[in-house]
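Enquirer: this is a predicted model, with the sequence first.
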Amino acid sequence: MIQFITNKTIPNSVLENLSTYGQLILLETKEIVYPAISNHPDIFCCLVDEKLIVAPNLPETIKQQLADSGINFREGIKKLEDKYPNTAIYNVAITDSFLIGNQNVMDESLLDLASTRKFIQVNQAYTRCNLLPLPGERFITSDGGIYKQLKNNNLDVLFVNPEGIVLKGFKNGFFGGCCGVYGNTVFIAGSLNNFLEGENVRGFLSDMKIVELYNGPLLDVGSILIIGHK
């Protein structure tokens with residue numbers, strides 16, 4: 001069974017559509033990090049292969065849900081705090097071949113687990129929010145610095161302007177935070193028809209199935225983390 005770890009407070013239509021594909025584990029926290037990201041899975045968890053590294057101060061109720069669902073997880077070393085950069089400790093992108101993040105911020109446990117991968121240092125500590133890894137070591141990013149670093153490593157990467165992506169309390173959210181990937185399918189919290197860069201994204205994803213989970217604007221929900229057997 002596919003399992004989705006996602007933001008509890010996103011629109012019901014998104015959750016209902018997502019639930020037709022697998023089991024939902026809904027994340028909600030209070031007074032750990034600042035409110036705009038307090039329900040964001042990519043703030044509290046980092047997916048390495050099919051193992052989750054979670055912040056030690058992830059609420060015990062959520063840890064119990066993970067355990068009850070049979071999800072393989074372990075706690076990292078550092079606790080999250082309410083101010084950046086200590087909100088971004090676990091916001092790292094890890095693929096089969098690469099670990100991408102800010103080494104000055106990320107938890108040491110992530111570096112240890114990903115020791116067999118090539119490390120790419122970026123200044124943007126909210127790496128996973130800004131970066132969507134795709135099969136075949138391709139990427140979409142809404143951060144110019146990440147884009148430059150990936151291009152310097154000869155990787156296939158599309159840059160998109162994040163204007164119009166909704167994140168309450170901020171001018172905009174980030175593209176990676178709207179999405180989750182499972183196999184050859186990209187799940188998006190919103191419709192690309194409502195995104196200025198929508199056609200560029202569709203073109204880049206022309207070899208993949210795109211599931212737009214509702215008809216509204218793109219929402220930065222803190223990524224949709226997906227665990228399952230392909």
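Expert: It's in. Numbering: from 1, shown residues only.
Enquirer: excluding its backbone neighbours, what's nearest V92?
Expert: Residue nearest to V92 in three dimensions, not counting chain neighbours: G101, with 3.7 Å by C-beta to C-beta, 6 or more residues apart in numbering. Any C-beta I mention is one placed from the backbone N, CA and C, and that applies to glycine too.
Enquirer: next structured bit after the lowest-mean-pLDDT helix or strand in the chain?
Expert: Sorting the helices and strands of the chain by mean pLDDT, DSSP states H and E puts helix 108-113 at the bottom, at a mean of 87. Sequence order places strand 118-121 as the next helix or strand after helix 108-113, per DSSP states H and E.
Enquirer: contacts for that next one?
Expert: Contacting residues not belonging to strand 118-121 are listed as S97, F98, L99, I100, G101, N102, Q103, L111, Q149, L150, N153 [C-beta atoms under 8 Å, 6 or more residues apart in numbering].
Enquirer: so for the helix or strand following that strand, what gets flagged as buried?
Expert: Moving toward the C-terminus from strand 118-121, the next helix or strand (DSSP H and E) is helix 127-130. Buried residues in helix 127-130, counting neighbours by 16 or more other C-beta atoms under 10 Å, are found at T127, R128, C129, N130.
Enquirer: with those residues in mind, which one is nearest to L167?
Expert: Ranked by distance to L167 (C-beta to C-beta), the buried residues of helix 127-130 are led by C129 at 9.1 Å.
Enquirer: surely S142 meets P162?
Expert: Yes. Contact criterion C-beta atoms under 8 Å: S142 and P162 qualify, at 3.9 Å.
Enquirer: between these two, what contacts are shared?
Expert: Shared contacts of S142 and P162 (C-beta under 8 Å, 6+ apart): F174, F175.
Enquirer: okay, now the unreliable bits of this protein?
Expert: For the chain, residues meeting the criterion pLDDT under 70 lie at 229-230.
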